[in-house]
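Novice: What follows is a predicted structure for the sequence shown.
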Amino acid sequence: MSLHITSFGPGKVILLGEHGVVYGQPALAAPISRGVRAWAVPAPKCSLELPDSVRPEHSRSLERAFARAAKLTGHPKVLVTLESDLPLSMGLGSSGALSVAVSKALLEAKTAKPPVRAQLERVAFEMEKEFHGTPSGVDHTTSARGEMILFRRGAVRAVKSPIPVRVLVAIVGERPPTKTTVSALRERQARWPQRYKRLFLEIGRVAAEGAHAVTKGDLEALGDLMNVNQGLLNAVGLSSEGLEAMVNRLRRLGALGAKLTGAGGDGGAVLGLFREPEPIVAKLMKEGVTCFVSQLAGPRAL
């Protein structure tokens, strides 16, 4: 391989439908502007160089995930290095983004051409299994496809918008591990199965309605559905005081809709749907809030 390879895996947000995919419901997901970059350069053997900032417990799982991808791609002789501008463990799909970036780099190193989507998703999914055990697949699929999708296990549909769909992503703070939040929810669902079945069915319906609103360019309807979804997520115990405070803050600042994204818990990230989010980002950053703008769908300015 004579050329150096650079690949990018975008992070993701769940615009509507968190946790519904675990219970057979659809989720409306989209890639964001931040993510993970991987560089592959010729080397004597297939290896991964980790940033010094990576914690030891994370480095072990990263190395095991890389070994899975290397095996599937035939151990191309490259050294892969990583760089991320994506906050870790905030529900923004950092492991899925990393899996896609690394898988792209290894596949291109092996074949000397961009990977086909099916190959990319297969290798990235194998890496995600190392990180999450039994992942839903929504994170790496959204990152690999690079477009808004309505995701249900076994069925993925692209969702197009005639107008820009832009959100403010605000970081609330550190959150517990996803497995902690998920296991607590699973216990409640097992204790009261019919009640939670109804709630997750409604979460799935909201996600499907949201996809329709996006295709129609109806931001007001989409925002209302985000607010409804947040209420449902609160009802199943996935929200918290800190998340609710940020949701309410964004609504007071003019958001058409606001909700948590990701696993939930005591921290994580909140989305606010705005027609013009930049002034709100500037205001919040002056107050010390970590936040950024990302376009999720629709035509982009030239």
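Specialist: That came through fine.
Novice: all strands for the chain, in order.
Specialist: For the chain, strands defined by DSSP state E occupy the ranges 5-16, 27-42, 47-49, 78-84, 149-152, 155-158, 165-173, 257-261, 268-273, 291-297.
Novice: In TSV, list these along with mean neighbour count.
Specialist: Just so you know, the C-beta spots here come from the backbone N, C-alpha and C atoms, and that holds for glycine as well. Shown next, in TSV, are those (neighbours: other CB atoms under 10 Å):
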stretch	mean neighbour count
strand 5-16	26
strand 27-42	23
strand 47-49	15
strand 78-84	19
strand 149-152	23
strand 155-158	12
strand 165-173	22
strand 257-261	28
strand 268-273	28
strand 291-297	20
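Novice: what about the ones you listed, which gets the closest to F200?
Specialist: Closest to F200 of the strands of the chain is strand 27-42 (CB to CB; 10.9 Å).
Novice: Run the angle between the worst-scoring helix or strand of the chain on mean pLDDT and strand 268-273 for me.
Specialist: Counting by mean pLDDT, DSSP states H and E, the chain has its least confident helix or strand at helix 178-191, which shows a mean of 81. Orientation of helix 178-191 against strand 268-273 (axes from the mean of the first three to the mean of the last three CA atoms, to 10 degrees) gives an angle of 80 degrees.
Novice: who's in contact with helix 178-191?
Specialist: Residues from elsewhere that reach helix 178-191 (CB atoms under 8 Å, 6 or more residues apart in numbering): 19, 22-23, 91, 132, 175, 196, 236-238, 262-265.
Novice: Make JSON lines out of the strands of the chain and add distance to R55 and mean pLDDT.
Specialist: Formatted as JSON lines, these follow (distance: least, CB to CB, whole Å; pLDDT from 0 to 100):
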{"stretch": "strand 5-16", "distance to R55": "19", "mean pLDDT": "96"}
{"stretch": "strand 27-42", "distance to R55": "16", "mean pLDDT": "96"}
{"stretch": "strand 47-49", "distance to R55": "15", "mean pLDDT": "95"}
{"stretch": "strand 78-84", "distance to R55": "14", "mean pLDDT": "95"}
{"stretch": "strand 149-152", "distance to R55": "30", "mean pLDDT": "96"}
{"stretch": "strand 155-158", "distance to R55": "33", "mean pLDDT": "96"}
{"stretch": "strand 165-173", "distance to R55": "18", "mean pLDDT": "94"}
{"stretch": "strand 257-261", "distance to R55": "24", "mean pLDDT": "96"}
{"stretch": "strand 268-273", "distance to R55": "19", "mean pLDDT": "95"}
{"stretch": "strand 291-297", "distance to R55": "24", "mean pLDDT": "97"}
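Novice: quick one, helices of the stretch 51-200 of the chain?
Specialist: Using DSSP state H, counting those that start in this stretch, the helices of the stretch 51-200 of the chain run over 56-72, 94-111, 117-132, 138-145, 178-191, 193-216.
Novice: Go through these and find the least confident stretch.
Specialist: The weakest mean pLDDT among the helices of the stretch 51-200 of the chain belongs to helix 178-191, with a mean of 81.
Novice: can you give me the angle that helix makes with helix 193-216?
Specialist: Using the same axes, to 10 degrees: helix 178-191 against helix 193-216 is 120 degrees.
Novice: quick thing: my sequence starts at 816, can you match it?
Specialist: I'll keep to 816 as the first residue from here, and by that count the last item is helix 993-1006.
Novice: I'd like the distance from helix 993-1006 to the chain centre, please.
Specialist: Taking CA atoms, centre = their mean, to the nearest Å, one finds the center of helix 993-1006 at 20 Å from the center of the full chain.
Novice: quick one: that helix to helix 932-947, angle?
Specialist: 90 degrees.
Novice: Name the residues of helix 993-1006 that are buried.
Specialist: T993, T996, V997, L1000, Q1004 (16 or more other CB atoms under 10 Å).
Novice: and the third one, how far is that from A884?
Specialist: Spelled out, it's V997. To A884, V997 is 25 Å away according to CB to CB, to the nearest Å.
Novice: Quick one: residues contacting the residue most central in space within the chain.
Specialist: The geometric centre of the chain, computed from its C-alpha atoms, lies nearest to K827 (CA atoms, centre = their mean), at 2.6 Å. Residues near K827 by CB under 8 Å, 6+ apart: A844, A845, P846, I847, L907, G908, G911, A912, V953, D954, T957, S958.
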